[in-house]
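Q: Give the three-dimensional model of this entry:
(chains A and B)
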Amino acid sequence: MRGLSLSALSLFLLLGMAHTATAEEQLPPPAKKTVDFNKDIKPILAKHCVGCHGAKKQESGFRLDTRDRTLAGGDHGVAFAVGQSVKSLLIRYVGGLDPDITMPPEGDLLSRTQVGLLRAWIDQGAKWPKGIRIGGPARVHWAYTPLKRPDPPKLPPALAAKVRNSVDAFILARLAAKGLALSPVADRHTLARRLSLDLVGLPPSPEEVDRFVDDKTPDAYRRLVDRMLQSRHFGERWGRHWLDKARYADSDGYEKDRPRPNAWRWRDWVIDAVNRDMPFDQFTVEQIAGDLLPDANENQVLATAFHRQTLTNTEGGTDKEQWRVEAVFDRVETTGAVWLGLTVGCARCHSHKYDRISQREYYQFFAFYNNGDEVNSNVVTSSDAHKKFTRDSVAHRQQLAKLEKSLATARSKLQPAFQTWLDKQLRALKVVRKDPIRDLPLTGLSATGSADIKLAVQKDNVVLASGPNPDTAVYTLSGRIEAPSFSGLRLEVQPDKSLPKNGPGRASNGNFVVTGLKVEISANESFDKATELKLVQGRASFTQDKFPAANALDGKPKTGWAIAPQMGKPHNATFFLAKPVALKGPQHLRVTITQNYGGTHTLGRFRLVPLTGNQQGLGLPQPVLAAFEAYRKNADDKKASAVLLDHFATVDKTTGPLIKKLAEARKKAPKLPQMSVRVIRQRTKSPRTTFLFQRGDFLRPQKAAPAIPAGLGVLPPVQPRHKDPKRLADRLDLARWLISDDNPLTPRVAVNQTWGHLFGRGLVRTINDFGVRGDKPTHPALLDWLATEYRRLKWSRKALIRTIVLSAAYRQTSVTSEVLAAADPQNTLLGRQNRIRLQAEIIRDNSLTASGLISRKIGGPSVFPPMPADVAALSYANNFKWNPSKGADRFRRGMYTFFKRTAPHPNLTTFDCPDSNTTCVERQASNTPLQALTTLNNEVYVEAAQAMAQRVGGEKHADDRGRLTRAFRLCVSRPPSSKELDGFAGLLGAARKWYTGHADDAKSLVGNYSTKGTATDESAAWVATCRIMLNMDEFITRE
Amino acid sequence: MHELLSQTRRNFLTSSACGLGAAGLASLLSDDGLLAADAASPLATRSTHFEPRAKSCIFIFMAGAPSHLDLFDPKPKLNQLHGQPMPDEQLKDVRFAFIKKDSVRLMGSKRKFRRYGECGTQFSDFLPHIGSCADDLLLVRSLHSQQFNHHPGQLLMQCGRGTFGLPTMGSWINYGLGSETRDLPGYVVLTSGRGSSGGATLWQSGFLPSLYAGVRFRTSGEPVLNLSNPSGLPPQLQRKGLDVLRQVNGNRLVEQRDPEIASRIASYELAYRMQTAAPELIDLSSETRATHEMYGVDRKEIRKGGRGKAGNTYQSFARNCLLARRLVERGVRFVNLVYASWDHHSNLDNELAYNTHVVDQPIAALIKDLKQRGLLDQTMVVWGAEFGRTPLGENRGGRPDVTGRDHHPFSFSMFLAGGGLKGGLVHGASDDIGWGVADKPVHINDLHATMLHSFGLDHLKLTHRFQGRDFRLTDVGGHVVTDWLA
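A: Numbering: from 1, shown residues only, chains lettered A, B, ... in the order given. Below you'll find the predicted structure:
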């Protein structure tokens, strides 16, 4: 249909209309007899239909093997309504009426008699005797079969002795069947490093390793495991595995790829939940539907950010609904992959060819997420921050109480001074009252603008600017005034339709900035002997933050008075002289208004009003002036005298500073450490109805048959918690279904993922595919035993991991013996451990740890370790600047590196870190020259070599070999062989030779990491040697 | 057969033990042994499904989407109708990024078109150099896409589908054919202009291992990230260090019997060779003065424009074109030349003039240079963008000053040259006003299918199983356009 032109489309519609008129004529008539299902209908369906629309295959999500399924219809809609064969889709297809689809697509078409029989059957009520099924039931795919706990196999005593826990029994039984055995246990150095890398993702220190090696107690290993499980870094390591699945990133994705500065808050939730060993069932429910839990707390709401890791497209001209739907698709497909190990994505467009997920089922699943809205919610930044807040609040309240008390004491002694002040003020007020501030007429006004700006003087001296609109402007206004005194002027600004956003300014948003005002007075028109009058005080009806009226008088070129966001409204500012000046006769007034801010922030429509009168002596706020007025009339006015006393207290020399101090202390109240995070919230107002989208196109919903939230047919049904049949199941029901006792898939998938992290691959090799196209488990009984064990352990992640790592199977060496190399090269039977190339983040963490540079801080905002500038510049229109973090933040663990989706850090992607655009349940481990170049030459890795040389250089060692041994052990825990030592000693020697004669090279290579008491050439030789050690295959491998 | 190969390849890549017997291990340590390991290497050259015509590809990706109506597809009728409204029934079901439907008007092109070469194909006056290659070009005027926005559109052009996580063309071709260079990556990316919408996703390897991702050669500093030794570390010490490393890793290989260690050793050796080969590659001093001039490597910024660009784009793009030739000469399989931006919603005449002036001469030089060196037959040059631009004037915000064109995926143009494709041919046509495809529609999946075909690959067979599905570059579509094959 792609590329179908519009005219072809209308032709198609016309034909479609023609069809209804003639269907009755074109179709064979219904058979006249009473049909017998078994005799007349079943053979037709069995021969022509069920091959593609039965238990084994469901083309277009339609099957005709049972009555219910037949009536339910498929992707194209309902097959027929009982009694109406002429309108039936089924009849239309088998009758050859549809231009695109004729059924059956291959083999003989149905005869007219057969079509007639089908029509009669439909018209006569589509009777289908109970219990009849056409074709046998499909064999249930292993992954969907109910979960039963298998007994560990019984082993002969010789083998049974090797069993450390039930895991081993399953593995030994299979190995023994092939005449194989478990490999020997790995040496203790390897075990310590393996455990540390697997459980906390950091290498152990040589001292930790030695403690374990020297620990002769029988439960030494068990205690080591428990220590690792209790480490706070455990949450980082296993949290990061989860972040892969969640497609976690710090930016939106797509073109603009805006940063998400608060994304880390949910990342920290994950680390914390894993560290607290939140059971996997609760972990599931809170992330999928935390908002729907009764009395959900803010952390449970925060958990739903799992599904806010979807991408956001803010590219210009996008259709919001398209990308909303796209995000919901992603939620459906991520849920399928992470919890069910199923690729449901195919069913977005059509029923799944292999996995029996129909398109309808896909949209039933979609319906769960379709009413989860993207909203923001507040959450405390961290529990530590909240604790500090509580402490600080108490201290702050105490401080306030103290200040309040001293103020009260001081105020109680204020009365005499107040009376004196009051009398003085009342005398001053008399003067002002005789000569209040009032407008002066301004006559003969003319106005000129710089750079050919047209200034038109209109009625009432209103000036309107038009014409050129340069970045900055100067207006000069002159006119005549006549009065005994002149005391200031008022600048009124007014909106006007001719201005951008109605003005009053000429900037694109309607704003302006008055940056300077100059007032001159002259007896003649030529202003040759003009006097400049200094304005000292400005007040405005409204001022923009950081743009008070007084700024127009401060003499600075770029500061001034502005009014955002109150554009489109009239405002004014009044400016006073220090003292009114007396005028002799008519005078010429010239006012120069400078607008030097830039960006066309100039005045559009305004009016200048000269003022006369006396404002001296008070300069008081309006309410205080009113109180004076009231007090003057009635000295017993208690309210007025209270206002006046309050005001006096602020200016009195004892109470004034106290009040100021108190106000400042109040301002410093600790702020609740809150931040806004992206979460999911159930839509309650006008909930959306879900429809199937034809070919997954959101513009083509099939409105005839809405999709009701439901699970997948291959699994037991979702049980809605509300008994009211009118209430649809929701996300909380979905979440509980995923981890319900009768869902066999989630625990199988979950333990397989865990196994994969500890053995390098799953018992089901295709960790992301438990469907019929995926691999079968190598140890089905072990998989099921672990799945039931996970439930028995109340979904404790730590307990499950503990079980696996305590097994003898886990503890085996990773060496491939000659026997195994021949008998089981793929290690299907698990007769040894697998070697695992470390993950991108962990490789960096390892180098930083060996060198001692690593910062072990957990959580907090993402960081920006150094990155070449041209990498960030690849993002859209160079819109992203990467400002490298300073201090310890340069050396945080790799998982805290800010992840910008369109320009991720190359040190991560080079080592197969997932791109975070879609869920990733299993990482690749490729092997490329770029990886070699990274660990050899990249800034952070070179810095690690420098720091490591400094570290071992600063320690006491007997000789080179002792120091080399130490360095080697910092890298791979075990002591080196003498051959290895020889190799590195040779390199050290060669390097020494070079640097003795090349002081500049030595200085460059050592960088900022010189060692006290060691010559630079010697340090450089060690840097060159450590650098190669940090590149050993063993170093980036978990053995 | 190929499925078997790719299956083996997958196992090699994802398993830590692919079953090399103990006997093979010792030999892996010798020089020749490393070559033996290469035979099983994911980058070893592969046999094709049928006889290939093309060996390498230079994809010139014009991110942001230039206006094909002002460059490749003259529309006299559109010029006649300039300023007229569009018929309602055509507008009814169409979505726009920025256009306001009620006040929109058709906008003709101010460009003059003229015929070039013996074939007489018409090109705009902005493309005199490319026009002079007309007899070698296959101009397609009937492409269409279903992605309206840049990033999804760019993904569709690179990956065959507008979604994330998929391999790009260059990844697929290297995955299918392996690499013919031992000293350089098989998939190289060169960028200039400004950052594109797609960023690094335009050369990602998706679910294929990162081995198949494009390696960006940088325009300044070291040509490949981390290529240079740390300052103060001379080459001879690098060699000595790598010798020790090789010995230590080699011992480990003997102990562990994990062939992955042999691959690691090989990777370090390739890295070492790249340290010499890449600087040699980007050093243009061995090129003649005539070559420099032909590409315009030393041109000054002649015109003003290039919104948001970084540096002298005239020089960086010309240099990238010359580097592209040097890369394919050295056996690099796929070169992606990314140049942004062409997203001319406004100020189209000036910006198009600027950007075409940047790219016209170097692209023509590249085609001519490949031809005179006898490389054009085996090198496919593809020029294209994620979509085209609309015949309507863009009236964003209902503004009267219409100076640009909005996105247009329904019909647009591209051209190809060499690599076993016909020259001097125009394929397909848009309708009178350039709105829809009137003749021989070509979807991007068809383009990819045909490109793969020239490389000897059957687009239906070049697959990779991921999450239970056999993915291919052509998603669920793709027909080979046999008319294009020479």
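Q: going forward, measure contacts between C-alpha atoms and count neighbours the same way
A: Fine.
Q: Relative to chain B, how far out is the spatially most central residue of chain A?
A: With distances taken as C-alpha atoms, centre = their mean, A:Ala263 lies nearest the centre of chain A, 3.9 Å away. Going from A:Ala263 to chain B by C-alpha to the nearest C-alpha, to the nearest Å gives 20 Å.
Q: And the nearest residue to that residue once chain neighbours are set aside, what's its pLDDT?
A: Spatial nearest neighbour of A:Ala263, excluding adjacent residues (C-alpha to C-alpha, 6 or more residues apart in numbering or on different chains): A:Asp250 at 5.7 Å. Predicted confidence (pLDDT) at A:Asp250: the value is 96.
Q: And A:Val651, by the same measure?
A: Looking at A:Val651, its pLDDT stands at 86.
Q: Around it, count how many other residues there are.
A: Using other C-alpha atoms under 10 Å in any protein chain shown, the number of residues around A:Val651 comes to 13.
Q: tell me the phi and psi of A:Ser875?
A: Main-chain dihedrals, A:Ser875, degrees, to the nearest 10: phi -70, psi 170.
Q: my read: it touches B:Gly193, true?
A: No. Using C-alpha atoms under 8 Å, A:Ser875 is not in contact with B:Gly193, being 12.0 Å away.
Q: in the stretch 801-950 of chain A, what spans have low per-residue confidence?
A: Scanning the stretch 801-950 of chain A with the threshold set as pLDDT under 70 gives A:877-878.
Q: how does it look with 90?
A: Within the stretch 801-950 of chain A, the stretches with pLDDT under 90 are A:821-822, A:825-826, A:868-882, A:902-903, A:909-910, A:912, A:915, A:917-918, A:922-929.
Q: Let me know the secondary structure of the closest residue to chain A within the stretch 201-350 of chain B.
A: Taking C-alpha to the nearest C-alpha as the measure, the stretch 201-350 of chain B has B:Gly232 as its residue closest to chain A, at 3.8 Å. Recorded secondary structure, B:Gly232: coil (DSSP: H, G, I helix; E, B strand; the rest coil).
Q: Quick check: what element follows the lengthiest strand in chain A along the chain?
A: When chain A is parsed with DSSP state E, its longest strand is strand A:571-582. The helix or strand immediately downstream of strand A:571-582 is strand A:587-595, counting by DSSP states H and E.
Q: My guess is A:Lys671 contacts A:Lys388. True?
A: No. Using C-alpha under 8 Å, A:Lys671 makes no contact with A:Lys388, being 10.6 Å away.
Q: Tell me which of the two has more neighbours.
A: Using other C-alpha under 10 Å, the more surrounded residue of A:Lys671 and A:Lys388 is A:Lys388, with 14 against 11.
Q: does the more buried one sit in a helix, a strand or a coil?
A: Following three-state DSSP, we place A:Lys388 in the helix state.
Q: So for it, what's the pLDDT?
A: 92.
Q: Report the contact partners of the closest residue to B:Val358 other than its chain neighbours.
A: Spatial nearest neighbour of B:Val358, chain neighbours left out: B:Tyr314 (5.0 Å); criterion: C-alpha to C-alpha, 6+ apart. With contacts defined as C-alpha atoms under 8 Å, 6 or more residues apart in numbering or on different chains, B:Tyr314 is in contact with B:296-297, B:299-301, B:358-359.
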